[in-house]
Structures are given as structure tokens and as C-alpha cells.
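Next input, structure requested:
(chains A, B, C and D)
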2 protein chains.
Amino acid sequence: MPRATKKVSQKREPLSKDRIVLKALALVEREGLHGFSFRKLADDLHCEAMSIYYHFPSKAHLFDAMVAHCLGKIDWLPDDAPWREALRHGFASFREVAHQHPAFNQFLVVYRMNSMEGLGMLEKILGIFLRAGFSPEQAARYFRLTGYYFMGATLDETSGYAKGPSAAEPVPEAILTRDFPTVVTVGPYFKPGSFDDTFFTGLDLLLDGIEMTHKGGSK
Amino acid sequence: MPRATKKVSQKREPLSKDRIVLKALALVEREGLHGFSFRKLADDLHCEAMSIYYHFPSKAHLFDAMVAHCLGKIDWLPDDAPWREALRHGFASFREVAHQHPAFNQFLVVYRMNSMEGLGMLEKILGIFLRAGFSPEQAARYFRLTGYYFMGATLDETSGYAKGPSAAEPVPEAILTRDFPTVVTVGPYFKPGSFDDTFFTGLDLLLDGIEMTHKGGSK
DNA sequence: GTTTTTACCTTACAGTGTAAGGTATGATGA
DNA sequence: TCATCATACCTTACACTGTAAGGTAAAAAC
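So this is what the prediction gives:
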């Protein structure tokens, strides 16, 4: 059906970047990344689509602001905290933010952190490694390792296999049990119940490995 | 500019699923995931957009087939290979495929593996863990850990920070050096030169950790 | 020789981001 | 007080998207 062309003329709070960003994030969660559009967002805001352009010159700019909003919610320990705790805490907080916006997280993980807020996050994490005494080269490498793991983890947790089918033609149950017995056997353990445990197990595994090169090498 | 409405009537090879899939993958690499469209694909195939619908009932079905094509190119060691080598080899091969299709990889990593080929991949990896003597629960967990890392790694390698700006308003050089000194210091080490090293360092770190629980626990 | 199937094309439609330009309201300067 | 200007929003229009509905020429099946 076509969307309502005439709106009831009603009092409504004026637009603002913050209000638009919040409604946009909510819309993405309601309709999915794919289902998001300026028209639907305008409906939610009780305004016309083009009014949004007064506040954001393009969809890309709006999405930048949404990323910035999410990154801004990450909690970091003070700079003098021990590096392992600082990393664990930062990643855990980031992960919580990702879980608050599962649909938007699909955008977040492929977002290149070249905005002010994105660079701020890089600065935070790289700073933790450098202050811990790692060389710039080590910092870059370990940032990558932990970042890889983190991105993949939140991505899978928010929109992976456990979230149900995305293939256009999902495999029927009968064929599943016949052709993929291992998947069926292991399937029950793919439930979100163990997400937390699994996540921190892997993160600690990586941090253990990183800590060992630290103690052994540059001390 | 509008695309040419009249085509030069010329001999051309008939359509086929394979030909469409290959051209579609090429188009995604040329124009990006965002720039892909059935009209452009039809131009490349020298046919009309709707002709593609004879072979694929929807864009989702076509993209499923593209995923299947990519997954089909992954090389796996025989079932009797040692589990660590089998995993390393499979992931390394998958990674090569991902690097052959960097733009499409953005779709691949968020793809839920519920298609025949996706489940086939799950079956392969879970099988490696089970044959190695891990319990189904361990298999699920370690599949997750390694999978998280792998997905994040290929994602960052194919479209991460090192690939240049994606933010609508990238931060100017001057502000970068002023506000993000750590990023600037570490920046040189973010070049793709060390991708291979970094990837296998992290993978081995995880496999080391996994191997230790194996030896210690269920032997 | 008739019918059916295959492989493609034409047209049309609702929805997309957004360029171009219009308009009501309030602030500012004379 | 009146003209001017900026702000905040809206209207219209355009080139694009995926795809539903239906048409058509050639090949295959009977």
C-alpha cells in the first residue's frame, strides 16, 4: 500500500540531529538495514523525507552519525588501568552496544573507522597497547587480532547462523538430518545461551597469547 | 545518463546460471555491492534485466548462487588429515577465495549459512573437530571461536581501515595528526603488507589454546 | 501438424535517494 | 515599523531499484 499522503496536522517536537539519529536506529531495528528508508523515517518523525536533509546532507552522513552515537556509548576504563582489564572492559562494553543494535551492527562491522569517532576508538585501543609497553608494530598487530575476533564475534552473535535462515531457499529439515548429521548433532550448542562464555573464552585465549609474547620479548 | 535503450542486435552466447553468477561476481567487484543492479548485470550479459529472472527467481536467489560458487572453490584436506592442518588449510583456502572477491566478501560474512553449500561448510569444519575427538559442545564452541576470528579477519582485510575512507566526511590530515597521534604513529603498520603474517599469528594463537584444552581434558 | 515448453523480452509499478526550488516563521538591522 | 535574511521545513520531480504480469519467437514433444 502507498504510504499516507496527507498527514494529520499535529503539534510535534521539532527535528534535531539527536532525535533523527535515535529514530533512525530504532527504525533499522524494526525494519532491518534493508528495510530502512528516508520515507519511513520521515513517517516516524511526523515530517517529510526531505526535511531530514536539512539536518543531514545525505543518508551516508546520517549513518555516520548513527555510528558515532553507538561508538559514543562505549565505556572505557581510565588510561592508568592495567592493559588487559582495559581491553576486556572496552570490548565488553562495545559488545553490549552492538547487542543493543543487532541489525545496525551489520553496518557497524563493515564501517571503516575514518570518522572522528571511529578514529577515537582506534586511538583508545592502540593507546592501551602502547602504554602497556608494546611496540607500535606489536600494537598494530594485536589491535588487528583482537579486532578481527571482536568484529566476527559480534557479527555472528547479532546476525549469524543462530538467528535463523537468510538464504532464499533454506534447506528443509529432512535433508538437513540426512546430509548434515554433524550440523544436526552440534546444532543444539549453537543456541545463544553460551554466547557470553564463548566470547570471553576466545578473547582470553587471544589475550593470553599476546601476554606471553609481551613477557617473553620486550620486558 | 540513462542506459542505452536499444541494443545492437548481435550474436551472443545464451544465458546460463554459471555465466550469470560469474558476471554478477565480476559486476559486484567493479561497482561494489551497493552499485550492483539487475539492469547493469543485464547490460554485461547483453540481455534484458527480466531475462535473468528466468534463471533466478529473485536477487536473493542469485546471491545465494554466488555464495555457493565461492564456497565451492574452497579446498579441503581429506578427512584423515590431522585436525590442525585440516583447519589451517581450510581457513587459508577460504581466505584466498574471500580475497579474490573483496567486495562480495562483505555480503559473504553476513550470510547465514543455511543453504546447502553453507551447511556443507559447517559440516566440514564441525567434522574436523569431532573427528579430532572434541565433544559436540567443544566443537560448537571452537567452531565459533575460529569462525569469529576468520570472519573478522577477512572482513577487515578486504574492506577495513586500510582500504581508505568510507565515512561521508573523512577526517582531514591536519586534524588526524593533532587529535589522533597514536593512530598516526601506528598507521604505517596497518598496511596490507603484514596481512598474511598477522592472520596466521592469530589463527595459531587460537589453535594453540584449543589444542591445550584438548590435551589436558579429553585425552 | 498441433501443442507445449523453453528462453527470452516489454511494459508497468511501487519504492529508493536526492536535486531543485518553494514557503512559512522568526530574528535582525534600518 | 518595515525590509531583509536565515532557519526549518515541504513539494515536486528525476533517475534509479527489484520485480509482477504478461507477451513472443523458436524449439521440442507428441
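
CA only for contacts and neighbour counts going forward, please
Fine.

Quick check: buried residues in the helix or strand hosting A:Leu130?
Using DSSP states H and E, A:Leu130 falls within helix A:116-131. By neighbour count with 16 or more other Cα atoms under 10 Å in any protein chain shown, helix A:116-131 contains the buried residues A:116-130.

what packs against that helix?
Using 3 or more Cα pairs under 8 Å, 6 or more residues apart in numbering or on different chains; DSSP states H and E as the contact test, the elements touching helix A:116-131 are helix A:59-72, helix A:83-100, helix A:136-159, helix B:181-186.

hey, which helix or strand in chain A has the poorest pLDDT?
Least confident helix or strand, chain A: helix A:195-217 with a mean of 89, by mean pLDDT, DSSP states H and E.

now it against helix A:83-100, angle please.
Computed by axes from the mean of the first three to the mean of the last three Cα atoms, to 10 degrees, the angle separating helix A:195-217 from helix A:83-100 equals 150 degrees.

Run through who's touching the helix holding A:Leu130.
Applying Cα atoms under 8 Å, 6 or more residues apart in numbering or on different chains, the contact partners of helix A:116-131 are A:68, A:71-72, A:79, A:83, A:86-87, A:112-113, A:136, A:139-140, A:143, B:170-171, B:180-183, B:186.

Give me the distance from that helix to the chain's centre.
Averaging C-alpha positions (Cα atoms, centre = their mean, to the nearest Å) puts helix A:116-131 17 Å from its chain's average.

for stretch A:29-38, same thing?
16 Å.

Quick one, which of the helices and strands packed on helix A:116-131 gets closest to DNA strand D.
Closest approach to DNA strand D among the helices and strands packed on helix A:116-131 (Cα to the nearest atom of the strand): helix A:59-72, 14.2 Å.

For that closest one, which residues meet the burial criterion?
Under the neighbour-count criterion of 16+ other Cα under 10 Å, helix A:59-72 has A:61-71 buried.

One more: stretch A:39-54?
By neighbour count on 16+ other Cα under 10 Å, the buried set for stretch A:39-54 is A:40-42, A:45-49, A:52.

List just the nearest of these to A:Lys17.
Minimum distance to A:Lys17 across the buried residues of stretch A:39-54 is 8.8 Å, recorded for A:Ile52 (Cα to Cα).

Show me which residues of chain A sit near DNA strand D.
Proximity of chain A to DNA strand D, by Cα under 7 Å from any atom of the strand, involves residues A:14-16, A:46-51, A:54.

quick check, nearest of those to A:His101?
Nearest member of the residues of chain A next to DNA strand D to A:His101, counting by Cα to Cα, is A:Ser16, at 20.9 Å.

if I look at the closest one, how far off is B:Ile125?
The gap separating A:Ser16 from B:Ile125 is 49 Å, by Cα to Cα, to the nearest Å.

same deal with A:Ala153?
From A:Ala153 to B:Ile125 the distance is 17 Å (Cα to Cα).

which residues does the nearest residue to A:Gly147 once chain neighbours are set aside contact?
The shortest distance from A:Gly147 to any non-neighbouring residue, by Cα to Cα, 6 or more residues apart in numbering or on different chains, is to B:Gly152 (7.4 Å). Contact analysis of B:Gly152 by Cα under 8 Å, 6+ apart lists A:147-153.

low pLDDT regions in chain A?
Scanning chain A for pLDDT under 70 picks out the ranges A:1-11, A:164, A:215-219.

what residues does it put near DNA strand C?
Chain A comes close to DNA strand C at residues A:1-3, A:35-40, A:49-50, A:57-60, as judged by Cα under 7 Å from any atom of the strand.

These in helices, which ones?
Among the residues of chain A next to DNA strand C, the residues falling in helices (DSSP state H) are A:35, A:38-40, A:59-60.

Deepest-packed of the helices and strands packed on helix A:116-131, please.
Ranked by mean neighbour count, those are led by helix A:136-159 with a mean of 23 (mean count of other Cα atoms under 10 Å in any protein chain shown).

by contact count, what packs against the helix or strand following it?
Sequence-wise, the next helix or strand downstream of helix A:136-159 (DSSP H and E) is helix A:173-179. Packing partners of helix A:173-179 (3+ Cα pairs under 8 Å, 6+ apart): none among the helices and strands.

May I have helix A:173-179 as PDB, with CA atoms only?
What follows is helix A:173-179 as a C-alpha-only set of coordinates in PDB (Å, rounded to 0.1, in the frame of the first residue of the first chain):
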ATOM      1  CA  GLU A 173      14.600 -30.400   7.900                       C
ATOM      2  CA  ALA A 174      14.500 -33.800   6.300                       C
ATOM      3  CA  ILE A 175      17.500 -33.100   4.000                       C
ATOM      4  CA  LEU A 176      19.300 -31.400   6.900                       C
ATOM      5  CA  THR A 177      19.200 -34.600   9.100                       C
ATOM      6  CA  ARG A 178      20.200 -36.700   6.100                       C
ATOM      7  CA  ASP A 179      23.000 -34.700   4.600                       C
END
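
buried residues in it?
For helix A:173-179, burial by neighbour count (16+ other Cα under 10 Å) applies to A:Leu176.

Of the helices and strands packed on helix A:116-131, which is nearest B:Glu29?
From the helices and strands packed on helix A:116-131, taking Cα to Cα, the stretch that ends up closest is helix A:59-72, at 20.7 Å.

Run the angle between the closest one and helix A:116-131 for me.
Going by the same axes, to 10 degrees, helix A:59-72 makes 40 degrees with helix A:116-131.

List the contacts of helix A:59-72.
A:21-22, A:24-25, A:56, A:94, A:97-98, A:108, A:115, A:117-118, A:121, B:167-169.

and which of these is nearest DNA strand D?
Nearest to DNA strand D among the contacts of helix A:59-72 is A:Phe56, at 10.7 Å by Cα to the nearest atom of the strand.

Which residue, neighbours along the chain excluded, lies closest to that closest one?
In this structure, A:Phe56 finds its nearest non-sequential neighbour in A:Leu62, 5.7 Å apart by Cα to Cα, 6+ apart.

same check, this time on A:Phe38
Distances taken as Cα to Cα, 6+ apart put A:Ala49 closest to A:Phe38, at 5.4 Å, once the chain neighbours are dropped.

re the thing from before, helices or strands next to the least confident helix or strand of chain A in the packing?
Counting contacts by 3+ Cα pairs under 8 Å, 6+ apart, helix A:195-217 is packed against helix A:136-159, helix B:136-159, helix B:195-217.

Pull out the buried residues from it.
For helix A:195-217, a neighbour-count test (16+ other Cα under 10 Å) marks A:195, A:198-199, A:201-210, A:214 as buried.
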